[in-house]
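Engineer: Sequence below, structure please.
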Amino acid sequence: MEGLEIHYNSYRRKYFCAKYLLIGIVCICSAIFLQGCMKQDFLLNMESSLFNTAENKKSIYKLSDMGPKPGGQINIFSTIPDTFNPILTQNQYVKDFLELICEPLVLLDNEQKPVPWLCSSWSYSDDGHVFAVQLRKEVKWHDGTRLTSFDVINTLDLIFSNKASIYRPLLNNIAAYEAKDFENIIFHLKKPYAFTPYSLIFPIAPKNTAKNSYSISGTGPYSVKSYVPDKYIVLEKNDNWWYNQVHDNLTSNNENKTNPKITYPLIDSIKIKFYEKSTDPIKAFLADEVDIAFINSSKSENINKYSIRPDINILAYPATKLEFISINTKSKNLNDNKIKKFIKNEMWSVQFSQLISKPVMRVKLPFWPKSFMNHLIDIDSNKSNQNDNDINDIDARYFQGIKQIKIIANKENSHRIKLAEYLAEKLKQHGANVNIEILAWDEFLKTLYLLQYDIAFVGCDLTSTPDISYLYTKPYVDSNTPLKLAGFNFAGFEDDTADIVMNRFLSMKFEDIIESSILNEFFNIVDNQTPYVALFVFQEAIMTDRKIRAVSQPLPWRRLNEVYKWYISGE
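Structural biologist: The predicted model follows:
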């Protein structure tokens with residue numbers, strides 16, 4: 001294994017050797033046992049003494065860690081790049097490592113709140129139609145030249161001229177922009193919008209990037225050292241990274257004060273190895289070809305499988321795939337609030353681990369200003385309202401006059417089908433006549449659009465901007481995001497008062513919404529009608545070799561979060 005093997009022999013290989021050694025010992029001991037020479041308890045003690053437990057071993061490794069240590073190289077899995085242009089790439093792996101090279105004006109923190117990054121501050125005009133950004137004077141490109149407003153303008157031009165860019169929807173509320181001088185950019189907005197800072201999370205790319213898509217420079221902690229097409233790219237640390245001059249103002253801890261000599265990044269170089277799309281990153285990791293690989297939601301069952309391995313670190317994080325129930329607000333079958341509360345209570349009583357093989361986290365519906373990150377609930381500590389007699393006494397009387405309750409789910413999604421069957425059974429137990437329709441995706445969407453259902457099991461991808469107004473009304477800001485990626489007003493929810501409150505809220509300044517109580521009015525309206533019941537988000541994870549100390553957790557919108565603080569343990 002390149003890089004890390006300079007410092008130590010592969011512990012993953014040692015793990016396999018130990019595993020096969022244990023198997024051999026167990027076989028020998030079993031034979032002896034059959035001959036009456038050894039008790040069965042010996043085998044259990046033998047395995048226990050050899051492996052102890054994964055957690056104990058991990059604790060031992062942590063205790064032997066000598067703390068942050070600069071140096072070394074790590075290898076990261078990626079598929080073959082489509083481009084090195086951070087504005088144009090559609091490849092998530094490429095986006096991940098390009099974020100180490102090119103940085104945004106605004107960064108989202110661990111709670112999905114925007115913080116100034118390449119910019120030092122922002123401000124609104126009194127009427128909210130103008131948004132001004134000031135750049136940091138310390139920021140320089142990798143070639144030593146200063147970052148200016150004109151670099152930002154060039155990046156904006158590139159995004160606006162490429163509708164396929166993943167960052168294009170972020171700018172839909174920007175009518176015009178201009179460089180006031182070398183440090184200040186002015187944005188003219190179509191509407192005042194509370195979430196304008198979230199529009200500026202796109203990476204700033206140098207002008208020549210648009211001309212040569214396989215050449216890239218930036219302002220970040222790493223720069224390109226070498227590149228072999230379709231094989232690998234090597235990044236080396238930027239010794240003159242601007243962050244080292246200002247990070248005391250960007251972090252809440254006192255790391256620089258307690259250790260004034262520390263500079264970032266700590267790891268000298270990062271080699272990103274390119275594989276075909278069909279390659280399994282987990283297999284590449286287990287084969288010792290890479291030190292960091294990703295477990296996406298399609299293979300998230302492996303999170304539990306590999307978390308018990310003492311030689312592997314699993315860094316789990318919530319994915320943005322939100323699963324929830326839509327209750328048709330136009331349905332005459334479900335106009336009784338007690339029935340809606342019953343549905344909500346039953347679904348919050350579900351032990352998801354018994355129905356879904358993949359790891360998930362319960363989540364409340366992500367209302368502003370807090371994102372879904374602030375509403376994650378431990379899957380094992382959920383407290384349902386089982387003692388609510390007003391809900392539990394529902395019986396057949398409440399379903400008199402209701403010919404049939406129609407529940408829909410799409411046939412391509414097995415866990416939604418299981419959840420639909422679970423709810424149907426609960427409703428039947430209380431006297432309801434229920435019919436489940438499992439529909440092909442196109443028919444499912446058509447049924448949703450036409451509101452020809454009572455209860456639907458649906459999902460959507462939460463975006464980096466925590467604005468979910470589209471679930472309750474027409475979007476406040478027009479969006480080019482495909483419905484399959486975001487969502488729409490599934491439940492047909494309509495309320496004039498809620499619209500007024502929502503628009504008042506969305507037209508506020510971001511700094512004012514944190515302490516605002518305006519949403520309480522909206523919550524009261526929504527709670528009474530219960531258009532949605534949030535269920536869970538899936539989990540994803542990064543798996544790393546145990547000697548890599550990832551001191552920060554991955555985020556769903558930035559998987560290699562703060563990798564500049566990671567280091568290779570000197571154990």
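Engineer: Thought K411 was touching F457, still the case?
Structural biologist: No - counting by CB atoms under 8 Å, K411 is not a contact partner of F457; they are 11.6 Å apart. Where C-beta positions appear, they are placed from N, C-alpha and C, glycine not excepted.
Engineer: Those two: who's more crowded?
Structural biologist: Neighbour count, other CB atoms under 10 Å: between F457 and K411, F457 has more, with 25 against 14.
Engineer: returning to what we had before: name the residues contacting each of F457 and K411.
Structural biologist: I417 (CB atoms under 8 Å, 6 or more residues apart in numbering).
Engineer: Mind listing residues that contact stretch 432-439?
Structural biologist: Residues outside stretch 432-439 that contact it (CB under 8 Å, 6+ apart): 396, 399, 402-411, 417, 420-421, 424, 427-428, 447, 453.
Engineer: meant to ask about stretch 82-90, not that
Structural biologist: Contacts to stretch 82-90, defined as CB under 8 Å, 6+ apart, come from residues 81, 91, 94-95, 98-99, 101-102, 155, 158-159, 162, 164-167, 202-203, 205, 209-210, 213-216, 218.
Engineer: Now, of these, which are buried?
Structural biologist: Buried members of the contacts of stretch 82-90, scored by 16 or more other CB atoms under 10 Å, are 81, 91, 94-95, 98-99, 101-102, 155, 158-159, 165-167, 202-203, 205, 209-210, 216, 218.
Engineer: Tell me how this structure divides into domains.
Structural biologist: The record's domain split for the chain, according to automatic domain parsing, is 4-51, 53-82+214-311+546-571, 103-204, 319-539.
Engineer: would you list those in TSV and tack on mean pLDDT?
Structural biologist: Putting the domains of the chain into TSV (pLDDT from 0 to 100) gives the following:
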stretch	mean pLDDT
domain 4-51	44
domain 53-82+214-311+546-571	86
domain 103-204	95
domain 319-539	83
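Engineer: mind listing what's buried in stretch 190-203?
Structural biologist: Those would be P192, Y193, A194, F195, T196, P197, Y198, S199, L200, I201, F202, P203, for stretch 190-203 by 16+ other CB under 10 Å.
Engineer: do stretch 99-109 as well
Structural biologist: E99, L100, I101, C102, E103, P104, L105, V106, L107, L108.
Engineer: Look at the residue nearest to L107 when sequence neighbours are not counted and say how many residues are nearby.
Structural biologist: Leaving aside its sequence neighbours, L107 sits nearest to W117 (CB to CB, 6 or more residues apart in numbering; 4.1 Å). Neighbour count for W117, taken as other CB under 10 Å: 20.
Engineer: what's the helix or strand harbouring L158 packed up against?
Structural biologist: According to DSSP states H and E, L158 maps onto helix 149-160. Helices and strands touching helix 149-160, as assessed by 3 or more CB pairs under 8 Å, 6 or more residues apart in numbering; DSSP states H and E, comprise strand 130-135, strand 174-179, strand 184-189.
Engineer: export these to a markdown table and tack on mean neighbour count and distance to A287?
Structural biologist: Below are those laid out as a markdown table (neighbours: other CB atoms under 10 Å; distance: least, CB to CB, whole Å):
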| stretch | mean neighbour count | distance to A287 |
| --- | --- | --- |
| strand 130-135 | 20 | 44 |
| strand 174-179 | 15 | 46 |
| strand 184-189 | 18 | 47 |
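Engineer: would you turn those strands into a markdown table with distance to V246?
Structural biologist: Output for those, formatted as a markdown table (distance: least, CB to CB, whole Å):
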| stretch | distance to V246 |
| --- | --- |
| strand 130-135 | 12 |
| strand 174-179 | 22 |
| strand 184-189 | 18 |
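Engineer: right, so of these, which gets closest to D336?
Structural biologist: Nearest of these to D336, taken as CB to CB: strand 184-189 at 43.0 Å.
Engineer: Let me know the angle separating the closest one from strand 130-135.
Structural biologist: Interaxial angle of strand 184-189 relative to strand 130-135 (axes from the mean of the first three to the mean of the last three CA atoms, to 10 degrees): 150 degrees.
Engineer: Mind listing the strands strand 184-189 pairs with, and their directions?
Structural biologist: strand 130-135 (antiparallel), strand 174-179 (antiparallel) (DSSP bridges).
Engineer: closest to E443 out of the ones you listed?
Structural biologist: strand 174-179 (37.7 Å).
Engineer: Not counting its own residues, what contacts that closest one?
Structural biologist: 148-150, 152-153, 156, 185-190, 199.
Engineer: Quickly list what the nearest residue to S121 once chain neighbours are set aside is bridged to.
Structural biologist: Counting by CB to CB, 6+ apart, S121 lies nearest to Q134, which is 5.2 Å off, once chain neighbours are set aside. Counting by DSSP bridges, Q134 is bridged to S121, N184.
Engineer: Hmm, Q134 is touching E183, no?
Structural biologist: Yes - the pair Q134 / E183 is scored as a contact, 5.7 Å apart, by CB under 8 Å.
Engineer: any idea where the helices of the stretch 201-350 of the chain begin and end?
Structural biologist: 243-250, 255-258, 281-286, 302-307, 337-347 (DSSP state H, counting those that start in this stretch).
Engineer: One more: the stretch 401-550 of the chain?
Structural biologist: Using DSSP H, counting those that start in this stretch, helices in the stretch 401-550 of the chain cover 414-429, 441-449, 496-506, 510-513, 519-529.
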